[in-house]
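got a structure for you, letters missing:
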DNA sequence: CGATAGCATATTGGATACAATCTACAATAT
DNA sequence: ATATTGTAGATTGTATCCAATATGCTATCG
């Protein structure tokens, strides 16, 4: 006999530190916490109604991911990236995502294509700019997920975490949204045709194009202030 | 006037947690700590004569890097990778390192080439197998370092951390060392000739070849026990 | 008036103490 | 004998407390 219960591995369940890590990560990625913002352990601890110990653990992990920078006895600040660093991250993404989508499209399922199409449509019709980042990510991620390369996907996800607060600016402030919609349609089309080479090349171009547009915007923005 | 002292940013100096993180990381990478080894917080704390707090911080960071796995209330174990995971990591390295060496060779200095040559020679003559891993890494890293892509280098370094305890087996147990020496000579030669395309292709082949040999070895090894 | 030293406060880093949970073994029942 | 339950010890997770360091204000000196 067996107890046919749907069980979860409680040992793998979230510790307080995990919860705080996820919350801070999301806040940074979504832009709620901005570049250079100071993160006070005590303040965060109070917000979550816990001691500073799990907060410190979360901050240590965020630093390991590059999302915050720690200065001993001073505190943690949300990392600011230079234009060179942003540019490098986009090149990195272009390399990895171009490769991963090639592998994914070669074995993509109809079901996955359907999901991607749905996300592309949502992205195309969404008017609330605060949702663009998430929808954009979901669209791309769906097209990658059949590649059977979890490590690649994890590294891509982390790289995206590190730039998405800047990407938002590109979409919102440079009318990148219209272009993104068109390029998404092109990538989706290539995937539907199982043309992995085209999907790869279009994805590379999509990422590098966004990079260029973002860098140009930031150059002006950072000059003026 | 200015005090012309060589100063260091003491705020960035190592905390206890940093020291422990580095020590554990090195032990895992060098193979002193093996696959599946259990890491007891208390034991580590006693070894370093500190409390468990900085140990926990170090373990949290190691988990973020993929070097250990944490199970709540059970403890941390050195991560074990499946053959598929190892294989994926080598493909990842081939992609990144192939790209990075191309960029690096295009702007490599004579000084750097000299350093790489020295490491290649040391690697070729070293008889102590416990030093092969480090020398191998130094050789490759030297050839990459002029690429001006710190993020890429950091990710490569982390990926290497995750496989080097397996790579050791490949070098020592499959006579991979002789082949590695020849391939290093080829890569170095391409770099000296500023042939970035050849350096890239040889590096890819070098990594994928080592991967194949390692996987074959591990398949037999894991069948028998 | 400006600059520097000294002190008070705020904040982080780490140690100790306690609570939650796991593990292993003994006791009991079938 | 085997399986199940209960309990003690071990181990991790978190709170509280103390030490080390930074920051900002004030007083003092030139």
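Perfect, thanks for sending it. This is a predicted model, so every value here is computed, not measured. Numbers count the residues shown, from 1 in each chain, chains lettered A, B, ... in the order given.

stretch A:26-39 and DNA strand D in contact?
No: judged by Cβ under 7 Å from any atom of the strand, stretch A:26-39 stays clear of DNA strand D, getting no closer than 10.2 Å. For the C-beta atoms, the positions are set from N, CA and C on the backbone; glycine is no exception.

list the buried residues for that stretch?
Residues A:27, A:28, A:29, A:31, A:33, A:39 are the ones in stretch A:26-39 that count as buried (16 or more other Cβ atoms under 10 Å in any protein chain shown).

same deal with stretch A:192-202?
Neighbour-count burial for stretch A:192-202 [16+ other Cβ under 10 Å]: A:196, A:198, A:199, A:200, A:201, A:202.

surely the second one and residue A:188 touch.
What it means is residue A:198. No: the pair residue A:198 / residue A:188 is not scored as a contact, 11.2 Å apart, by Cβ atoms under 8 Å.

circling back to that earlier point, what about chain B: which of the buried residues of stretch A:26-39 touch it?
By Cβ under 8 Å from any Cβ of the partner chain, no member of the buried residues of stretch A:26-39 lies near chain B.

among those residues, which ones are in strands?
residue A:39 (DSSP state E).

pull the distance from the host helix or strand of residue A:222 to the chain's centre.
Counting by DSSP states H and E, the element that carries residue A:222 is helix A:196-224. Here helix A:196-224 shows a centroid-to-chain-centroid distance of 15 Å under the convention Cα atoms, centre = their mean, to the nearest Å.

same thing with stretch A:124-140?
Per Cα atoms, centre = their mean, the centroid offset for stretch A:124-140 relative to its chain is 12 Å.

can you list the buried residues in stretch A:213-220?
Applying 16+ other Cβ under 10 Å to stretch A:213-220 flags A:213, A:214, A:215, A:217, A:218 as buried.

also stretch A:45-62?
A:45, A:54, A:55, A:56, A:57, A:58, A:59, A:60, A:61, A:62.

DNA strand C next: which of the residues you listed are close?
Okay, of those touching DNA strand C (Cβ under 7 Å from any atom of the strand), that's residue A:56.

mind picking the two most distant members of the buried residues of stretch A:45-62?
Pairwise distances across the buried residues of stretch A:45-62 peak at 15.8 Å for A:45 and A:61 (criterion: Cβ to Cβ).

any residue of the helix or strand hosting residue A:76 touching DNA strand C?
Take DSSP H and E as the rule and residue A:76 turns out to sit in strand A:75-78. Yes: under the criterion of Cβ under 7 Å from any atom of the strand, DNA strand C is reached by strand A:75-78 at A:75, A:76.

what does chain A have sitting close to DNA strand D?
So far as Cβ under 7 Å from any atom of the strand goes, chain A lies against DNA strand D at A:15-17, A:49-54, A:57, A:72-74.

check contacts around residue A:133.
Listed by Cβ atoms under 8 Å, 6 or more residues apart in numbering or on different chains, the contact partners of residue A:133 are A:29, A:30, A:31, A:164, A:167, A:168, A:171.

would you quantify the distance from it to residue B:34?
Per Cβ to Cβ, to the nearest Å, residue A:133 is found 42 Å from residue B:34.

got the contact list for residue A:60?
So residue A:60 contacts A:70, B:17, B:57, B:60, B:61 (Cβ under 8 Å, 6+ apart).

swap the cut-off to 6 Å and go again
B:57, B:60, B:61 (Cβ atoms under 6 Å, 6 or more residues apart in numbering or on different chains).

isn't the first one up against residue B:16?
Right, the one you point to is residue B:57. No: under the criterion of Cβ atoms under 6 Å, residue B:57 makes no contact with residue B:16, lying 8.6 Å away.

what number of residues lie near residue A:137?
18 (other Cβ atoms under 10 Å in any protein chain shown).

what sits closest to it if chain neighbours are left out?
Among residues not flanking residue A:137 along the chain, residue A:160 sits closest, at 6.5 Å (Cβ to Cβ, 6 or more residues apart in numbering or on different chains).

what's the pLDDT at the one you found?
Looking at residue A:160, its pLDDT reads 97.

now do the buried residues in the host helix or strand of it.
Secondary structure from DSSP H and E places residue A:160 in helix A:150-173. Buried residues in helix A:150-173, defined by neighbour count with 16+ other Cβ under 10 Å: A:151-153, A:155-156, A:159-168, A:170-171.
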